[in-house]
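Visitor: A predicted structure for the sequence below; I have some questions about it.
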Amino acid sequence: MRFLLDDQSYVAMRQRKDHTPDCYARPGEYLHHIYVEGVKYDVARAIMEGLKEAQAKNDAEAIQHLKLHKDQLDLLVAQQQQKGGLTGVRLLGDPPPVDGGTAPLKNTFFPHAPKTVEETGLNRTLLQEMILRVVYNRGRLTGVDVSQSLGLSFELVGPVMVGMRQQDLLDVAGQKGIGDAGYEYVLKPPRGQRAVEDALKKTEYSGPAPVSFKACVEAVKAQTIKNVVVTRRTVRQAFSDLVVSEAVLNEIGPAINSGASMFLFGFPGNGKTSVAERITRLMGDDVYIPYAVDAGGQIIKVYDAIVHELSKKSDDAFDPSAPAQRELDKRWARIKRPVVIVGGELILPMLDLTYNEVGKFYEAPFQMKANGGIFMIDDFGRQQVRAMDLLNRWIVPLEKKYDYLTTVSGTKLEIPFDQLLIFSTNLDPNQLADEAFLRRIKFKIEIGDPDEIQWRKIWELVCTTRKVEYDEKGIDYLVAKWYKPYHRPFRMCHPRDILDQMISIAKYNMESVTFTPDLIDAGCATYFVSQEKRDFGAKVRLD
């Protein structure tokens with residue numbers, strides 16, 4: 001806590017009109033806080049005046065709030081008196097932050113390339129079977145080609161292939177280049193062909209060699225989102241391209257720091273999905289994930305090109321002080337912290353291991369792919385599965401921070417549940433979940449409609465993005481004709497959507513995009529549905 005003692009701060013607080021609800025004892029009443037460059041301060045004079053006013057009104061709630069502030073202020077004043085008095089002292093309590101609040105999380109985890117079979121965490125038999133499948137699928141390959149396919153060095157794979165030659169599993173059919181690395185390998189009949197048939201019966205997975213399940217778990221823990229710390233300043237910076245109220249940002253920031261879960265609710269079209277996507281900007285550096293995991297001989301594919309975005313940064317950017325000669329284990333992919341978003345298509349089987357009966361390997365579920373990032377369930381309550389069944393699925397992961405996955409053989413795997421779980425809905429949360437479950441979701445944040453000032457600012461941002469000249473009078477016309485007569489609420493998505501309608505119509509009319517009444521009317525007429533009730537002779541059930 002920080003208390004400002006000077007009258008200038010009190011005057012500045014009274015002159016400002018942009019105070020957030022948490023600056024008052026109750027929204028709009030007993031103002032006693034001020035934000036300066038994203039830092040919150042208590043104004044001592046405002047506290048004393050507010051307390052006198054509350055006592056005069058016998059306002060018990062406000063008295064209790066302001067009295068606690070006064071007691072804390074009195075304690076700091078007494079401590080300062082013992083240190084030498086209040087002369088020249090303007091601030092009591094915590095000093096202002098000096099780091100600028102822009103220290104992103106640095107990921108120090110680095111998967112080093114293994115030098116021996118033992119360091120891979122895999123047994124030699126599994127590695128031999130991987131080699132057999134690569135040669136079978138791709139034909140005549142050099143030792144270097146095989147090692148690159150597995151994401152391992154030739155220094156490690158080469159001796160294994162020499163042993164396979166001695167077992168009559170592989171044969172040298174030619175040579176490209178100089179040395180053992182240039183030998184071209186093929187399957188050697190009959191033992192090689194029988195061995196690859198046995199390997200294909202176990203799994204047809206062919207790609208980078210898996211990492212051990214233990215290594216995967218350790219990597220998740222080392223790159224945990226629990227280490228993420230954000231401040232008002234960093235949150236403002238991340239959301240600079242969105243128009244979001246200060247009150248909402250003040251709720252989102254602590255939710256990110258908790259690394260727990262949040263419930264975003266409110267009317268559709270107000271940017272709940274956009275909020276979730278920008279949270280990843282605050283989650284620090286990239287992370288490493290394995291392409292695949294070996295869990296007791298079962299292969300689980302983790303990397304998903306649709307969900308995961310490969311980082312373009314160099315690996316040395318993680319830790320500039322690291323030795324230059326270190327070598328990355330190519331079985332790991334460096335990605336931006338994942339953002340996994342699912343909607344109405346989500347069903348319960350998608351949250352467990354998916355077994356590929358043809359390839360005989362598993363696909364990791366969404367929550368395993370989202371570790372170290374965000375897992376967002378959008379349009380919650382509109383899934384093909386009952387909302388309560390879906391909520392019950394998350395009780396253990398939310399409480400214990402781990403989840404259980406089951407293989408087709410019945411084996412249970414305990415995996416970390418290290419992600420920011422976000423439920424997003426335009427339904428009333430009280431209709432979707434009971435008190436017991438809502439208790440487990442730590443932060444419930446309402447994303448409300450923008451006011452007209454915010455809505456117009458969104459118009460300005462959208463026009464700048466679309467390279468269309470903003471016209472204040474055109475917006476006045478839009479509000480007067482298409483909003484006020486219908487008591488239509490402002491939505492954050494309307495500026496973008498309506499302008500896109502206008503752009504499409506202008507292209508059709510072979511004219512430039514301007515805020516003419518004709519273009520505005522045409523755009524709104526095809527965007528908004530008439531509120532007049534009409535009967536087209538058919539009905540649909542929405543329940």
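Guide: Arrived safely, thanks for sending.

Visitor: all contacts plus neighbour counts: C-alpha atoms, from now on.
Guide: Will do.

Visitor: outside of stretch 263-272, which residues touch it?
Guide: The set of residues external to stretch 263-272 that reach it, using CA atoms under 8 Å, 6 or more residues apart in numbering, is 422-429, 441, 443-450, 491-494.

Visitor: Please repeat the previous calculation with a cut-off of 6 Å.
Guide: Under the contact criterion CA atoms under 6 Å, 6 or more residues apart in numbering, stretch 263-272 has outside partners 422-426, 444-448, 491-493.

Visitor: One more: stretch 327-340?
Guide: 111-113, 151, 208, 286-291, 308-311, 370, 373-375.

Visitor: Of these, grab the buried ones for PyMOL.
Guide: PyMOL command restricting the contacts of stretch 327-340 to the buried ones, with burial defined by 16 or more other CA atoms under 10 Å:
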select buried, resi 111+113+151+208+286+287+288+289+290+291+308+309+310+311+370+373+374+375
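
Visitor: Narrow the contacts of stretch 263-272 to just the buried residues.
Guide: 422-426, 444-448, 491-492.

Visitor: Out of these, flag the one nearest to D6.
Guide: Taking CA to CA as the measure, I445 is the one of the buried ones among the contacts of stretch 263-272 closest to D6, at 34.9 Å.

Visitor: part of a strand, is that closest one?
Guide: Yes - assessed with DSSP: H, G, I helix; E, B strand; the rest coil, I445 lies in a strand.

Visitor: Out of the buried ones among the contacts of stretch 263-272, which is nearest to N250?
Guide: For those, the minimum distance to N250 (CA to CA) is 10.1 Å, reached by I445.

Visitor: Please tell me how far that closest one sits from L421.
Guide: Using CA to CA, to the nearest Å, I445 is found at 13 Å from L421.

Visitor: same check, this time on V211
Guide: 26 Å.

Visitor: Grab the longest helix from the protein for me.
Guide: Looking across the chain with DSSP state H, the single longest helix is helix 60-83.

Visitor: Run through the neighbouring helices and strands of that helix.
Guide: helix 44-57 (3 or more CA pairs under 6 Å, 6 or more residues apart in numbering; DSSP states H and E).

Visitor: Dump the helix it packs on to CSV, restricted to CA.
Guide: Only the C-alpha atoms of helix 44-57 are listed here, as CSV (Å, rounded to 0.1, in the frame of the first residue of the first chain):
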residue,chain,number,x,y,z
ALA,A,44,-4.6,10.6,2.8
ARG,A,45,-6.7,13.8,2.8
ALA,A,46,-9.4,12.1,0.8
ILE,A,47,-9.6,9.2,3.3
MET,A,48,-10.0,11.6,6.2
GLU,A,49,-12.7,13.7,4.4
GLY,A,50,-14.5,10.6,3.3
LEU,A,51,-14.5,9.1,6.8
LYS,A,52,-16.0,12.3,8.2
GLU,A,53,-18.7,12.3,5.5
ALA,A,54,-19.5,8.6,6.1
GLN,A,55,-19.8,9.2,9.9
ALA,A,56,-22.1,12.2,9.3
LYS,A,57,-24.4,9.9,7.1
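
Visitor: Now tell me what touches that helix from outside.
Guide: With contacts defined as CA under 6 Å, 6+ apart, helix 44-57 is touched by 4-5, 30, 32, 63, 66.

Visitor: by how many degrees do it and helix 60-83 diverge?
Guide: 140 degrees (axes from the mean of the first three to the mean of the last three CA atoms, to 10 degrees).

Visitor: Check the model's average confidence along stretch 82-98 for me.
Guide: Here stretch 82-98 scores 86 as its mean pLDDT.

Visitor: hmm, who's touching that stretch?
Guide: Under CA under 6 Å, 6+ apart, the answer for stretch 82-98 is 1-6.

Visitor: about what we covered before: of all the contacts of stretch 263-272, which comes closest to K467?
Guide: Closest approach between the contacts of stretch 263-272 and K467, by CA to CA: C493, at 17.7 Å.

Visitor: Check what contacts stretch 515-527 and list those residues.
Guide: Outside stretch 515-527, the residues touching it (CA under 6 Å, 6+ apart) are 474, 498, 501-502.

Visitor: next one: stretch 297-308
Guide: 291-293, 338, 361-364.

Visitor: Which one of those is nearest to W459?
Guide: P338 (30.1 Å).

Visitor: Ignoring the adjacent residues along the chain, who's closest to that closest one?
Guide: Distances taken as CA to CA, 6 or more residues apart in numbering place G373 nearest to P338, at 4.8 Å, with adjacent residues excluded.

Visitor: do you know how far the one you found is from F267?
Guide: Applying CA to CA, the value for G373 to F267 is 25 Å.

Visitor: got it, and V342?
Guide: 19 Å.

Visitor: buried ones in the helix or strand in which A506 is found?
Guide: Here A506, judged by DSSP states H and E, is contained in helix 494-508. Neighbour-count burial for helix 494-508 flags 494-499, 501-503, 505-506 (criterion: 16+ other CA under 10 Å).

Visitor: would you put the C-alpha positions of it in CSV?
Guide: What follows is helix 494-508 as a C-alpha-only set of coordinates in CSV (Å, rounded to 0.1, in the frame of the first residue of the first chain):
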residue,chain,number,x,y,z
HIS,A,494,-19.9,-3.9,-34.2
PRO,A,495,-17.3,-1.4,-35.6
ARG,A,496,-15.2,-4.1,-37.2
ASP,A,497,-18.2,-6.0,-38.6
ILE,A,498,-20.1,-3.1,-39.9
LEU,A,499,-17.1,-1.5,-41.5
ASP,A,500,-16.3,-4.8,-43.2
GLN,A,501,-19.9,-4.9,-44.5
MET,A,502,-19.4,-1.3,-45.9
ILE,A,503,-16.1,-2.3,-47.5
SER,A,504,-17.6,-5.2,-49.3
ILE,A,505,-20.6,-3.1,-50.5
ALA,A,506,-18.2,-0.3,-51.7
LYS,A,507,-16.2,-2.8,-53.7
TYR,A,508,-19.4,-4.0,-55.4
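
Visitor: contacts for it?
Guide: By CA under 6 Å, 6+ apart, helix 494-508 touches 459, 462, 513, 523.

Visitor: any idea whether the last one is helix, strand or coil?
Guide: Under the three-state scheme (three-state DSSP), the conformation of G523 reads as helix.

Visitor: any idea how far M502 is from it?
Guide: 5 Å.

Visitor: Next: the second one.
Guide: Taking CA to CA as the measure, V462 and M502 are separated by 13 Å.

Visitor: Strands of the stretch 401-543 of the chain, start to end?
Guide: With strands called from DSSP state E, counting those that start in this stretch, the stretch 401-543 of the chain shows them at 402-406, 412-416, 420-425, 443-446.

Visitor: Of the ones you listed, which is nearest E155?
Guide: Comparing these under CA to CA, the one sitting nearest is strand 412-416, at 32.3 Å.

Visitor: how about the closest one: buried residues?
Guide: 415-416.

Visitor: Can you give me the end-to-end span of stretch 392-403?
Guide: 13 Å.

Visitor: Return the distance of it from the chain's centre.
Guide: Taking the mean of its C-alpha atoms, stretch 392-403 sits 18 Å from the chain's own mean (CA atoms, centre = their mean, to the nearest Å).

Visitor: Fine by me, thanks again.
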